[in-house]
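K.L.:
Turn this into a model:
(chains A, B and C)
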Amino acid sequence: MQHWSQAKITAFQDALLTWYDQEKRDLPWRQDHEPYHIWVSEIMLQQTQVQTVIPYYQRFMTTFPTVTALAAAPEDKLLRAWAGLGYYSRVRNMQKAAQQVVEDYQGVWPQTAAELEKLAGIGPYTAGAIASIAFNQSIPAIDGNAFRVFARLFEIDADIAKPQTRQIFYDVIEEVIATERPGDFNQAIMDLGSSYMTAKNPDSAHSPVRDFNQAYLDGKELDYPVKSKKPRPIAMDYFALVIKTPTGYLFEQRPSNGMLAELWTVPLIKWSELAEKPSELLLPDLVKLATNQFLTNTQIQLAPMLLGGRPVTHTFTHQKWLITLLYAELAQKPDLSYFPGRVVAPTDFIELAQPKVQLKIWQRYQQLGGH
DNA sequence: CACGCGTGGAA
DNA sequence: TTTCCAAGCGT
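P.N.:
You can find the predicted model right below:
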């Protein structure tokens, strides 16, 4: 790996920051440098694209205008504000961190990356981002963009999927970061990574730092960054039970650990966890078997129906769910003593924090004539 | 350290 | 359709 002279470093900073001053995106969280605003945006932006985050950020700020409001929020309101964004532990950690700020720091944010990293949900990237953007601390903020940009600028071939690689990049960035404007420097690198120096179709020929991009100059841009691949999602079969009662539909809250923790869905039965596995030719039996897991003394009034020939599919990072919809209608309100959920009228669905997969299930149900 | 954890967009 | 990627963190 090459080593830049001080003159080259200065020229790079000038080119980058001049471009950033002219072309930086006007984003809702760039209106000011309030640590609360920077923090919320950074958590939302973890593994999530800018255009997805914008409406969530705006609603979140209306709902929870201050760190104090967030610290005191009831869990259902909290989850509703996050529903659909994914990686739901982020919002639970966020409330823990808000409570830490209010209780341990009397509502005044710590200003160093080391202190910020002690807060729940704040790791090395987010700590660097907040410290540099909100508090003007000269410290790297290394996200996927920064890995890609600097891997190309310096032709660094260390595998960015390996945790120990971070130190290599940290040392490089520490040398070239603009110490007078660290927050703008870090954000400029991220803007660069999402515009000219993208992963797939980069346009480095027109990049403001074209002449500093060694991989581009060598015609090897797409060789960087080096990143080991992850295994593909494992297919899993589920049944979704759409159960209509006189006053609404059955919903259950998922366990507090694991996938989609504490979010609301119609009852989902994992095929691999069914004690008995009836033949697909006996679907009425299957519905009865599944419902009997949690509904006692219940008459299923109408013949259960299989809904939808092809399953609803939803792909997560590690799992691909293939969900077959089953429908049943109950003549009476069921006994919910052993059922971790509630009967919800369609007009009250908005009160539930529902993941995207549940919205897909409901969409399919409606397409098939449900209401 | 390797893995679990959501979702949407691009090609 | 499949694959990969996107402002990561906790365990």
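K.L.:
Just to check, A:Val172 is in contact with A:Val149?
P.N.:
No - using Cβ atoms under 8 Å, A:Val172 is not in contact with A:Val149, being 10.7 Å away. Where C-beta positions appear, they are placed from N, C-alpha and C, glycine not excepted.
K.L.:
What's the local residue count around A:Thr319?
P.N.:
One correction, residue A:319 is Gln, not Thr. The tally of other residues near A:Gln319 (other Cβ atoms under 10 Å) stands at 13.
K.L.:
Could you check how far it is from A:Glu221?
P.N.:
Per Cβ to Cβ, to the nearest Å, A:Gln319 is found 34 Å from A:Glu221.
K.L.:
got it, and A:Gln164?
P.N.:
Going from A:Gln164 to A:Glu221 by Cβ to Cβ gives 25 Å.
K.L.:
Looking at those two, which one has more neighbours?
P.N.:
Taking other Cβ under 10 Å, A:Gln164 and A:Glu221 do not tie; A:Glu221 has more neighbours (17 against 8).
K.L.:
Which helix or strand contains the closest residue to that one other than its chain neighbours?
P.N.:
Nearest non-adjacent residue to A:Glu221, counting by Cβ to Cβ, 6 or more residues apart in numbering: A:Ala215, 4.7 Å away. Taking DSSP states H and E as the definition, A:Ala215 sits inside helix A:214-217.
K.L.:
Next secondary structure after that helix?
P.N.:
Next along from helix A:214-217, by DSSP H and E: strand A:234-245.
K.L.:
mind saving the C-alpha coords of the next helix or strand after that next one as PDB?
P.N.:
Per DSSP H and E, strand A:234-245 leads on to strand A:248-253 as the next helix or strand towards the C-terminus. C-alpha atoms of strand A:248-253 as PDB (Å, rounded to 0.1, in the frame of the first residue of the first chain):
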ATOM      1  CA  GLY A 248     -61.800  -9.300  14.400                       C
ATOM      2  CA  TYR A 249     -58.800 -11.400  13.500                       C
ATOM      3  CA  LEU A 250     -56.300 -13.300  15.700                       C
ATOM      4  CA  PHE A 251     -52.900 -11.700  16.100                       C
ATOM      5  CA  GLU A 252     -50.000 -12.800  18.200                       C
ATOM      6  CA  GLN A 253     -47.000 -11.000  19.500                       C
END
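K.L.:
which residues touch strand A:248-253?
P.N.:
A:241-243, A:262-268, A:334, A:339-346, A:348, A:352 (Cβ atoms under 8 Å, 6 or more residues apart in numbering).
K.L.:
need the residues of the stretch 101-250 of chain A near DNA strand C, please.
P.N.:
Neighbours of DNA strand C within the stretch 101-250 of chain A, by Cβ under 7 Å from any atom of the strand: A:120-127, A:129, A:143-145, A:148, A:187, A:190-191, A:193-194, A:198-200, A:227, A:229, A:232.
K.L.:
Buried subset of the residues you listed, written for ChimeraX?
P.N.:
Only the buried entries of these go into this ChimeraX selection, using 16 or more other Cβ atoms under 10 Å:
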select /A:121,122,124,125,126,127,129,143,144,145,148,187,190,191,193,194,227
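K.L.:
Mind checking which of the residues of the stretch 101-250 of chain A next to DNA strand C are in helices?
P.N.:
Assignment to helices by DSSP state H places the following of those there: A:124-127, A:129, A:144-145, A:148, A:187, A:190-191, A:193.
K.L.:
possible to save those as TSV with pLDDT?
P.N.:
Output for those, formatted as TSV (pLDDT from 0 to 100):
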residue	pLDDT
A:Pro124	96
A:Tyr125	96
A:Thr126	97
A:Ala127	97
A:Ala129	97
A:Gly144	95
A:Asn145	95
A:Arg148	96
A:Gln187	96
A:Met190	95
A:Asp191	94
A:Gly193	95
